[in-house]
Structures are given as C-alpha cells and as structure tokens.
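Colleague: Structural data only, the sequence is not supplied:
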C-alpha cells in the first residue's frame, strides 16, 4: 500500500479527468498502525456482534439504526431533514420538508433492497445499478439516468467543470473500471481483510463516480450490506454515515488525499477509526435500550388488565417511536375510546410524550427511546 499509485490525470477537450488505477490485485498492508487499528476494529465488531445476540427482537431496534443511517447519509449530500422528520408521516410535514423526507425513505428502501439482493447474488455492477435505481426513483435526480451508468462527464465541487474540486474518469472508462471493482470485491484469491477490502471498494467507487447523481449514497449503502454478506456481522448493526457526517470534512479530504497524494493508508486508517467508534457507540446504545426496556416493562406491569395491549403498542414503538390514536386503536383492535385511555395511561407513566401540543391531530412519541438515536 505504501507503493500505491492512485491513478493519472488525462487531458480531455478542455479539462483533465482523473482515471484511477485498477484495484483487482494482491495487497500488502505493511503499515503497523493499520494492522493495530484493524485488530481493534475486529475486536469492536466482535463485541457488537456478541452483544446483539443477547437482545430479544433486535430487528425492532435495528430499524431505528437504519433510519438514522439514511438521515445522516442524505444529510452529507445536503438534505436538511432530522430524525423527528424522518419518523413522521409524510403528510404531517410542511411541504418544504417532503422532498428531503422522500430521499431518506428511498435510502431506507434501497438499503433493504441491497441487503436482500446480496443475500442471493454476489457483488456486481448490476446490483450497484439496481440499488441506484431504487435510490433515486421518484425523487430529485430521477431524470439523471436511474440505474444506468452515466454517459457524460460529471464533477465534484464547483459551479462548473472549470472550477471543480475533482473530475472523475471520462464515462467511456466506467464499464472497465466497475468490472475491475466487481472482480476485486469477489476475488477470494486476494488475501486482504474484509474491512480493508470494503474501505478500498468505497474509495474506488467514489472515485469512479459512475452515476450522474447519488454516488455518495450508493457507496455508503454498499458498506453495511457488504459486511453483513461477508458474515462479519450476523445482524446489520454497523452504519458509518453518522461518523462520516460528524467528520464530513475529514471524510472528503481523506478520499481526496488518496487521489492527490496516493495516501491510501490514511484513508483506510480513517475508515477503521470509524468502524471502531461506531461499533462502540452502537454497543452503548444497545445497553441503554436494554436498561430502558427493563424500566418500561416494569411500568407496564402497573397497568394490570391493560398490560397486554400496552405491551403490543410499546413493541411497535421500539420499531417506530411515533404514533397517533388511530394507530394505537388499530394495534389494540378495540374501540377508539380504549385507545385514548391507553394513550393517557402511557403519557401518565412518562412512556409517551405529546409531540407539538396544540395540533388538531395529536401525535405522540416514545421520547426516552427516541432521544437515544439523536
């Protein structure tokens, strides 16, 4: 990796684009600091995986991690949505927030689609194109060749190509470069740790920038689904977009540093630090969820005859912590009056809290749970 050459600049008509070198080759880490971080990252993921085994119905809680991943990944691209917006019904939001909401929901759908597809098929250019199609269907960018590699030049940063911060390869190079990326992702003859492999894949994908829009989001979707596909995690509980968003400038600078200074090692170290931090943070969140669940279960026992209905409502809240009276009534399968009574009980127990009091259609949320993901 110390001898790594990222690529070369090639003159086009009136600009120079960057054509990355191929990556389907044997890699040698060599750098002790990378090996040390890799060991720590493996240990952190192992602890996260082991911890998730002890949490009943962990899939309920993972859906909140997915929502946060989707929000943070789209925020990197400039949306202004937040977790409160993401978890509400689209029609309850002001019109100016709905486009951002749509993009986040598409990300969630594309992530789910990618995970299911990678269970059936190996990593491929076809899979990447299909993820892209799901991602920009019906949202901003839907006219920019959904599911198809670009047929024109794009660029990153700057109002025009003349002041661009980075110009990816000319479109005629994309098929060959993505073919090389696909071979590297699936080449069992190359002995490189999977965490390092996905770090290289992410860098190379973002450098190729094969689509007119949505490249960053597609590239970040590939990380958790690839790790789950490789069996590094039994459950998809590791999402790096929160780390990338909180360190957005470093994220972009470290990717760019590979292209300008051939410093792939620094990018891999940054990526591994993210894996360690996010794994440890996820463990702490799961610990807090477990503690909160015990406290809530104890409160529900005080409801006696209503405890069973309340338990079903709370189980739904772990998956989606916003709810209204109609939804509570539907979960209970009883009268609307019973639904309102149960809401009042849950508010009294400080499990539910009214969102934006004073609105005609009241909405409530599982505040103590919701804030664990802020």
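Modeller: Nice, I can see it. Computed from a predicted structure; not experimentally measured. Numbers count the residues shown, from 1 in each chain.
Colleague: contacts and neighbour counts: CA atoms only from here.
Modeller: Noted.
Colleague: Leaving aside the residues adjacent along the chain, what's closest to residue 26?
Modeller: Here the nearest residue to residue 26 in space, its sequence neighbours aside, is residue 190; by C-alpha to C-alpha, 6 or more residues apart in numbering that works out to 5.3 Å.
Colleague: Tell me the secondary structure of the one you found, please.
Modeller: Applying DSSP: H, G, I helix; E, B strand; the rest coil to residue 190 yields a three-state assignment of coil.
Colleague: From residue 307, how far off is it?
Modeller: Noted for residue 190: a distance of 56 Å to residue 307, by C-alpha to C-alpha, to the nearest Å.
Colleague: Could you point out the helix or strand that follows the helix or strand hosting residue 67?
Modeller: Assigned by DSSP states H and E, residue 67 belongs to helix 58-76. Note on helix 58-76: by DSSP H and E, the next helix or strand toward the C-terminus is helix 83-86.
Colleague: Off-centre distance for that following helix?
Modeller: Counting by C-alpha atoms, centre = their mean, to the nearest Å, helix 83-86 is centred 15 Å from the centre of its parent chain.
Colleague: pLDDT weak spots in the protein?
Modeller: Applying pLDDT under 70 to the chain flags the ranges 56, 358.
Colleague: mind listing the strands for it?
Modeller: Under the criterion DSSP state E, the chain contains strands at 7-11, 16-20, 322-324, 353-355, 363-365.
Colleague: With respect to residue 181, which of those lies nearest?
Modeller: strand 16-20 (11.0 Å; C-alpha to C-alpha).
Colleague: Nearest residue to the middle of this protein?
Modeller: Against the mean C-alpha coordinate of the chain, by C-alpha atoms, centre = their mean, the closest residue is residue 69 at 3.5 Å.
Colleague: wait, what's in contact with that one?
Modeller: Contact analysis of residue 69 by C-alpha atoms under 8 Å, 6 or more residues apart in numbering lists 239, 240, 241, 242.
Colleague: now do residue 151
Modeller: Contacts of residue 151 (C-alpha under 8 Å, 6+ apart): 171, 172.
Colleague: what do you get for residue 163?
Modeller: Residues counted as contacts of residue 163 (C-alpha under 8 Å, 6+ apart) are residue 157.
Colleague: give me that answer again for 10 Å
Modeller: 155, 156, 157 (C-alpha atoms under 10 Å, 6 or more residues apart in numbering).
Colleague: residue boundaries of the helices in the stretch 251-374 of the chain?
Modeller: Applying DSSP state H, counting those that start in this stretch to the stretch 251-374 of the chain gives helices spanning 264-301, 307-319, 325-332, 336-348, 367-370.
Colleague: Distance to residue 170 and mean neighbour count for the ones you listed - can I get that in CSV?
Modeller: Formatted as CSV, the helices of the stretch 251-374 of the chain follow (distance: least, C-alpha to C-alpha, whole Å; neighbours: other C-alpha atoms under 10 Å):
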stretch, distance to residue 170, mean neighbour count
helix 264-301, 22, 18
helix 307-319, 44, 18
helix 325-332, 51, 18
helix 336-348, 58, 17
helix 367-370, 45, 18
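Colleague: Among those, which comes closest to residue 116?
Modeller: helix 307-319 (19.5 Å).
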